[in-house]
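# got a predicted structure plus its sequence, pasted below:
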Amino acid sequence: MTFETDGCTGWLNSWRGIDLYQCCVQHDRTWYDHPGDWTIWAISNLDLGRCFAMVGAWELAVPAVLATCTVGALLFLRHALLMR
């Protein structure tokens, strides 16, 4: 399976002129490279929120972490199963 990303899945690729796409690509790349590693996945979720805050979308940082830790868990589990 080759790495593919649509950026911020189910989320915004930009917010008020702030590019969030690269934050989401890095997040996707991290969990793609470590299928089934729940620790790496959880850390990458926190890193996504941190990246949002660092690029200036601080008001989306916490909602992004919550979304990836809940709904994103289903996508992560699906990916982990497909990589076996």
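Done, it's in.
# how near is the nearest residue to residue 9 once chain neighbours are set aside to residue 55?
Leaving aside its chain neighbours, residue 9 sits nearest to residue 75 (6.9 Å; criterion: C-beta to C-beta, 6 or more residues apart in numbering). From N, CA and C alone the C-beta is placed, and that goes for glycine too. In this view, residue 75 and residue 55 are 22 Å apart by C-beta to C-beta, to the nearest Å.
# from one end of stretch 7-14 to the other, what's the distance?
For stretch 7-14, the first and last residues are 10 Å from each other (C-alpha to C-alpha, to the nearest Å).
# what's in contact with it?
For stretch 7-14, the external contacting residues (C-beta atoms under 8 Å, 6 or more residues apart in numbering) are 19-21, 23-25, 28, 60, 64, 67, 71-72, 75.
# which among those residues count as buried?
With neighbours counted by 16 or more other C-beta atoms under 10 Å, the contacts of stretch 7-14 contain buried members at 20, 23, 24, 25, 28, 60, 64, 67, 72.
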